[in-house]
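Asker: Sequence plus predicted model, see below.
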Number of protein chains: 2
Amino acid sequence: MNSIDAIIGLLAKLPGIGKKSAGRLAYHILESDRSYARLLAERLESLHDSIRRCSVCGAWTENDPCPICADATRDGALLCVVERSQDVRVIEESKEFRGRFHVLGGLIAPLDGVNPDDLAIGSLVRRVRSEKISEVILALNPTLEGDTTSLYIHKALQDSPVAITRLASGLPVGGDLEYADRLTLSRSFRGRIKMEF
Amino acid sequence: MNSIDAIIGLLAKLPGIGKKSAGRLAYHILESDRSYARLLAERLESLHDSIRRCSVCGAWTENDPCPICADATRDGALLCVVERSQDVRVIEESKEFRGRFHVLGGLIAPLDGVNPDDLAIGSLVRRVRSEKISEVILALNPTLEGDTTSLYIHKALQDSPVAITRLASGLPVGGDLEYADRLTLSRSFRGRIKMEF
């Protein structure tokens, strides 16, 4: 196997990258300035050494605790529970939320062998007990696994005096009623909001 | 900028990879075994040192001449002209062609500043004169740039006693007449083939 085939094979292991795309990427890298390949190589080489999990929230970070957990200006009363570290990034980019985060590291999926014990649910319960948290916002995907996990966490926190909310589910902004699936439509009806004048 | 943002920025420079996909890839690499990142880093680091252009056909190769040019069992009378090195791979995978290749390194596109002199057309003419070639197959994309380049090469080779052909253009196999654009439909009519019984 030559170097190009080796790179294509490695790139094709990435999510969403098929063999054809991997080929296009490999040739693009080959035909780009070699400084690009060098820089990417260096960054990949050092990635796992420079990044670790925040010991408080579980997000990937260079410093422990992570910048969000360390930021005293954030609202410590609001805790947003997400599936993965990249969800923190997405929510931060929306600038919609100024509280703190808790990364579960996955969703309950018994068929895939993911049980509650595999997730950071125990540490979530401990945080809710020890920190001054008034509301836990479950920002999990509106899927079977997300809903199962939300219900499980809801039950695990039922003895704690916190409000537990979850993100509204409904029509995406800019979407089209005609293309909404039945479940989304049903949820957007049940969650309908009174218009204010 | 932290290490994750740096990797995302670098990956987002690849063709067809937007910022969202780059994020997904970066987190996937981070959450995969670190040996994957190490291996990919090593391969990227050495890529440009291990791969060069074949001095005969211009394709990317580890050995010069490349395995195809060096293979005495290939039909030296047939020369297939392609735009880029990865086209050689695509054609090789189809196992449809047993001749040799010539890589132009691009297509004529004056608006993008790509002129005939920027491409390996001079070396193509020299190969046609010096090697025992009976047919030059122009396997360029059926686009404005591809057609322009085909016409230019046709003219450049008009004094050479070789047949010049180009790939058939028409409906893709498995495609649908309804979704074919007018130009493709017109070409598939003009190139219609008598059915044999």
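Answerer: Structure received. Numbers count the residues shown, from 1 in each chain, chains lettered A, B, ... in the order given.
Asker: same for the longest strand seen in chain A, what does it pack against?
Answerer: In chain A, with assignment by DSSP state E, the single longest strand is strand A:75-82. With contacts defined as 3 or more C-beta pairs under 8 Å, 6 or more residues apart in numbering or on different chains; DSSP states H and E, strand A:75-82 has these neighbours: helix A:85-94, strand A:99-103, helix A:121-130, strand A:135-138. Every residue, glycine included, has its C-beta placed from N, CA and C.
Asker: angle of the third one against strand A:99-103?
Answerer: Taking axes from the mean of the first three to the mean of the last three C-alpha atoms, to 10 degrees, one finds helix A:121-130 and strand A:99-103 inclined to each other by 150 degrees.
Asker: Tell me which residues are up against helix A:121-130.
Answerer: A:56, A:58, A:79, A:81, A:102, A:104, A:133, A:136, A:152-153, A:156-157, A:160, A:162 (C-beta atoms under 8 Å, 6 or more residues apart in numbering or on different chains).
Asker: Would you tell me which of the helices and strands packed on strand A:75-82 gets closest to A:L10?
Answerer: Closest to A:L10 of the helices and strands packed on strand A:75-82 is helix A:85-94 (C-beta to C-beta; 21.3 Å).
Asker: Now that closest one: buried residues?
Answerer: A:S85, A:Q86, A:D87, A:V88, A:R89, A:I91 (16 or more other C-beta atoms under 10 Å in any protein chain shown).
Asker: Looking at the residues you listed, spot the one nearest B:G170.
Answerer: Nearest to B:G170 among the buried residues of helix A:85-94, with distances taken as C-beta to C-beta, is A:Q86, at 44.1 Å.
Asker: Could you measure from the closest one over to chain B?
Answerer: To chain B, A:Q86 is 5 Å away according to C-beta to the nearest C-beta, to the nearest Å.
Asker: Now that residue: closest residue in space that isn't a chain neighbour?
Answerer: Counting by C-beta to C-beta, 6 or more residues apart in numbering or on different chains, B:Y27 is the residue found nearest to A:Q86 once chain neighbours are left out, at 4.7 Å.
Asker: Count the residues that sit near the one you found.
Answerer: B:Y27: 20 surrounding residues under other C-beta atoms under 10 Å in any protein chain shown.
Asker: Check which element follows the helix or strand where it lies along the chain.
Answerer: According to DSSP states H and E, B:Y27 maps onto helix B:19-31. Beyond helix B:19-31 in the direction of the C-terminus, DSSP H and E gives the next helix or strand as helix B:34-50.
Asker: following that following helix, which helix or strand shows up next?
Answerer: Next helix or strand after helix B:34-50 toward the C-terminus (DSSP H and E): strand B:52-53.
Asker: can I assume A:Y152 is in contact with A:P110?
Answerer: No: applying C-beta atoms under 8 Å, one finds A:Y152 not in contact with A:P110, separated by 11.1 Å.
Asker: on that earlier part again, next up, the contacts around the residue nearest to A:Q86.
Answerer: B:Y27 makes contact with A:W60, A:R84, A:S85, A:Q86, B:I4 under the criterion C-beta under 8 Å, 6+ apart.
Asker: Of all pairs in the residues you listed, which one spans the longest distance?
Answerer: The most widely separated members of the contacts of B:Y27, counting by C-beta to C-beta, are A:R84 and B:I4 (12.7 Å).
Asker: residues contacting A:A120?
Answerer: Shown in contact with A:A120 (C-beta under 8 Å, 6+ apart): A:G58, A:H102, A:V103, A:L104, A:G105.
Asker: looking at it, the first one is touching A:S85, isn't it?
Answerer: It refers to A:G58. Yes: because the distance of 7.4 Å satisfies C-beta under 8 Å, A:G58 is recorded as touching A:S85.
Asker: what do these two both touch?
Answerer: Each of A:V103 lies in contact with both A:G58 and A:S85 under the rule C-beta under 8 Å, 6+ apart.
Asker: can you list the domains in chain A?
Answerer: Annotated domains of chain A cover A:3-50, A:60-166 [automatic domain parsing].
Asker: Give me the more crowded residue out of A:R84 and B:I4.
Answerer: Taking neighbours as other C-beta under 10 Å, A:R84 and B:I4 compare with B:I4 leading, 23 against 19.
Asker: Any stretches of chain A with poor pLDDT?
Answerer: A:1, A:195-197 (pLDDT under 70).
Asker: excluding its backbone neighbours, what's nearest A:E42?
Answerer: In space, A:E42 comes closest to B:A41 once its chain neighbours are excluded; the distance is 7.3 Å by C-beta to C-beta, 6+ apart.
Asker: before we move on, what about A:R166?
Answerer: Closest residue to A:R166 apart from its sequence neighbours, by C-beta to C-beta, 6+ apart: A:L138 at 4.2 Å.
Asker: So the one you found versus A:S85, what's the distance?
Answerer: Applying C-beta to C-beta, to the nearest Å, the value for A:L138 to A:S85 is 17 Å.
Asker: Equivalent analysis for A:D75, please.
Answerer: Look at A:D75 and A:S85: by C-beta to C-beta, they are 20 Å apart.
Asker: circling back: okay, the angle between the helix holding B:Y27 and helix A:85-94?
Answerer: The directions of helix B:19-31 and helix A:85-94 differ by 150 degrees, with the same axes, to 10 degrees as the criterion.
Asker: quick one on the thing from earlier: outside of the longest strand of chain A, which residues touch it?
Answerer: A:88, A:91, A:97-104, A:124, A:127-128, A:131-140, A:153.
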